[in-house]
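S.K.: sharing a sequence plus its predicted fold:
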Amino acid sequence: MKELDLVIIGGGPAGLAAAVSAYDAGVRSLLILDREQQAGGILEQCIHNGFGLHRFGEELTGPEYAARYIDEVKKREIPVQLETMVLDLQPLPDGSKLVTAVSSGGMLELKAKAVILAMGCRERSRGALNIPGTRPAGIYTAGAAQKFVNIKGYLPGRRVVILGSGDIGLIMARRMTLEGAKVEAVCELMPYSGGLNRNIVQCLEDFGIPLLLSHTIVEIHGKERVTGVTIAQVDENRRPIPETRQEIPCDTVLLSCGLIPENELTTAAGIPLDPVTSGAVVDQYRQTGCPGVFACGNVLHVHDLVDYVSEEAALAGESAAAWLRGESLSGESVSLIPKDGVRYLVPQQLRLPLKDDLRLYFRVGAIYDKATVEVRCGEKLIFSRKRPRLVPGEMESLVLKKSLLEGLDGPLTVGLSLEGESK
Amino acid sequence: MYDVAVIGAGVVGSLTARALTRYQLSVAVLERAEDVAMGTSKANSAIVHAGFDAPEGSNKALFNVRGNAMMEETAHELGVPFQRNGSMVLAFGPEDEEKIQELYERGQKNGVPGLCILTGDQARETEPALSPDVTAALLAPTGGIVCPYELTIAACGNAMDNGAALLTGFEVTGAERTAEGWRLSARDGRTLDARFVVNAAGLYADQVAALMGDESLHIHPRRGEYLLLDRKEGRTVSHTLFQTPSVMGKGVLVTPTVDGNLLLGPTSVDLADKEDLSSTAEGLAQVAKLASRSVPSVALRSVITSFAGLRACEDGHDFVLRAENHALHLAGIESPGLSAAPALAEEAVRLLGEMGCPLTPNPDFQPVRPHSPVFRRMDNAARAALIQQDPRYGRVVCRCETVTEGEIVAAIHQNPPARDVDGIKRRTRSGMGRCQGGFCGPQVVEILARELGIPMEQVTKMGGGSRMLAGPLGETEEEKA
């Protein structure tokens, strides 16, 4: 059995960035495992631009963004084993972790001192959405359609209705249109879009594609191939209003209804998950409940921008390096608890004392105008910041100075205080 | 000229064809769809019933109890997972308790072994997730679970390995009595001669019988809708849990499946259209509500897919086995048809023999279906050895169910061959997991195109016009035409 200091599961943007920072922090015995034929993860099929504005100050395509990190990995001669799927992760009694993987070369067993989880996420399927009707060909998740178009060079269909206004769905509305398909509508169950505003403008409005908020698909029609869908408006409890039912003929339904972190390995290793993020519970080092196992990127919580994935992965890489050097990442644990409009927080735990300033990531559960984000310890207000507008589709962050958090004597809560009306 | 033509490659037709290849007979299986197990055998509760439901003396009772006893060996020979997990009928109060007492007595008369009645607390001791409202339960230790399409595929494959021919896309639209037997004609113009015909046409058994001059049968479809939950919920319960049938309806079951998922359902709605496999918002909501009654903690958040299946209900509500005029009609095989299928196949052979079909044992018959490797069921040492032989078993295509390229390729080349995406799914479970083909879908299409030697855009989901793709990029609809 091969022994390594660090195994990184997943060679997408998170895994690549984590590897680079771990290397730069001194780790030399490391390996990236990825199931695809090339590293880069889902970015390889995201051929549109808009990546890297925060990280590189310029607009890159997905493959270009990935290439920057692949180059860095190559420069450092960090080994990447491709077409290798990790089947199991188990903590061993001696504190190391057993990683079992498979490739066409055979079964692979690795003993790693530290592991970084960077497996990414998957899309919510039609079944998970429970859409009634028939089960014909022509129903795809937006990501599967994107793979057919951008990687395989095939058009999944010619007349499309998209359910869900997640970013991939918006991107695919434009992509399918550019390839000659007619996108009839994008239906969004919620009264607001889950996607980035810039995507709504550039991918729908610029092409005259209607975005139907508070609408859903109530039935799919067609025996062999999709022949149409029935859509309906929904009331405030998200129940379809029968009088608003209308049928739209189409041959394709694309689903862009949310992403789910792929934490099967995490669960197998017995690592606790946060039921809201569906990712591991982590501290500020991105260390999970299993010492020496770190998590970053979309496997931890779903990000909108890859730039933040890279940032978080760099932190996980540095933390893994520190842990391997024997630095203490433990300490008294304090919980971070979301409340009043804040859906989740990452990290969920703090290890005291803090070594650095703390960057907190969070999402809100609805649209809020003129809200104040308040961080409290018990009743005591530690920090507050006004935000003109908070929307569920955009991840928020705030930085708390280390000095603010000295002498904490209980859990921190993060919530919203509203001046204006919430919508 | 075949000795026997079996119409319908469902579980009954396929097991009958297999039973016939035990004898020196030439057998053809005629299937209207482009794959086997495409009708009632595709989507049902996947239950091997113990046999206490049907009235004493009915065909249902007789063949259910007999088929249940045969299932273990049949599944073992065919390499199909079968578990005798036991079943319970749950009572929620005195009326239900009276009813399960009736079922207990009926079961005794039907010859169901091992039945006993548990108190609510005893039932909860073996099934901790049961509702506190359960007051008693009828326990049937011989109840079991099996995957209906996997059993059908394996049975048909074994029949083919033993010499039977499978003709897909053969929708019988004409039957003419000849001097020696029957001439069957298909919608596409093909004809086939056979000395004897077995009508195992499921929902269409009445129409096939009518073509052959017997207009006495009438079958209507009854739809059942189901919810399937993620494998992480598969251990919520270990037994198959029925609700007591009452004036309020038959209730729904909660059961683990052999693949480790949790299955909830079915509803029961009479329809007119024999092709209507659509699910409904009301039906699925009803399943969810009723299932929660048995198991309040059932994790409806973990639903990975929903589906609907049809039952072939004959007006007399019993299995019809009618041998006449060189034809054997096996009709109205609704529940417990899956459980009864091995016994019905055996009986079919006997009835054909009575009609003059010569039954000379086939010394070359191989009851055991060669087991193509199933990666997820192997240990790591066996996996390593397999990959060394064939590296394609080291390439995981479906990550949710851990299905390798080797298994997908094998499914395309073994009997009965997979020809479409759903065929691959039923044979390998690729696309059957929590992402429902989101990741493996494009790769499965590519492997099918490569192995079948067809362009990607000709790959279908389930034959016919169910094409997966519109065409290569840059090709307009006009160019395609």
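M.R.: Great, that's in hand.

S.K.: which bits of the stretch 201-350 of chain B sit near chain A?
M.R.: Contacts of the stretch 201-350 of chain B with chain A, taken as Cβ under 8 Å from any Cβ of the partner chain, map to B:227-228, B:232, B:275, B:277-281, B:283-284, B:303-307. Where you see a C-beta, it was placed from the backbone N, CA and C, and this is true even at glycine.

S.K.: where in the chain is pLDDT low?
M.R.: Just going to use chain A. Residues of chain A that meet the criterion pLDDT under 70 lie in A:420-423.

S.K.: wait, I meant chain B there
M.R.: Along chain B, the model assigns pLDDT under 70 to residues B:247-249, B:476-481.

S.K.: ok, back up a step: farthest pair in the residues of the stretch 201-350 of chain B next to chain A?
M.R.: For these, the farthest-apart pair by Cβ to Cβ is B:Lys232 and B:Glu275; their separation is 34.0 Å.

S.K.: pick out whichever of the two has more residues nearby.
M.R.: A direct count of neighbours by other Cβ atoms under 10 Å in any protein chain shown for B:Lys232 and B:Glu275 places B:Lys232 higher, at 15 against 12.

S.K.: point me to the residue of chain A nearest chain B.
M.R.: Chain B sits closest to A:Gly127 of chain A, with a gap of 2.9 Å, by Cβ to the nearest Cβ.

S.K.: shouldn't that residue be within a strand?
M.R.: No. A:Gly127 is assigned helix when assessed by DSSP: H, G, I helix; E, B strand; the rest coil, not a strand.

S.K.: for it, what are its contacts?
M.R.: For A:Gly127, the contacting residues are B:Leu228, B:Val303, B:Ile304, B:Thr305, B:Ser306, B:Gln436, by Cβ atoms under 8 Å, 6 or more residues apart in numbering or on different chains.

S.K.: same thing but at 6 Å, please
M.R.: Applying Cβ atoms under 6 Å, 6 or more residues apart in numbering or on different chains to A:Gly127 gives the contacts B:Ile304, B:Thr305, B:Gln436.

S.K.: CSV for these, including neighbour count?
M.R.: Formatted as CSV, those follow (neighbours: other Cβ atoms under 10 Å in any protein chain shown):
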residue, neighbour count
B:Ile304, 23
B:Thr305, 22
B:Gln436, 26
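
S.K.: in chain B, which residue sits nearest chain A?
M.R.: Per Cβ to the nearest Cβ, B:Thr305 is where chain B lies closest to chain A, at 2.9 Å.

S.K.: tell me which element that residue is part of?
M.R.: In this structure, B:Thr305 sits in strand B:303-314 according to DSSP states H and E.

S.K.: and the contacts of that strand?
M.R.: If you take Cβ under 6 Å, 6+ apart as the criterion, strand B:303-314 is touched by A:127, A:130, B:40, B:43-44, B:202-203, B:219-230, B:277, B:279, B:284, B:320, B:331-332, B:334, B:434, B:436.

S.K.: of those, which belong to strands?
M.R.: Using DSSP state E, B:219-229, B:320, B:331 are the members of those that sit in strands.

S.K.: so who does the residue most central in space within chain B touch?
M.R.: For chain B, the residue nearest the mean C-alpha position is B:Pro148 (2.6 Å; Cα atoms, centre = their mean). By Cβ under 6 Å, 6+ apart, the contact set of B:Pro148 is B:Val11, B:Ser41, B:Asn44, B:Ala46, B:Leu338.

S.K.: check B:Lys250 too.
M.R.: Shown in contact with B:Lys250 (Cβ under 6 Å, 6+ apart): B:Ser268.
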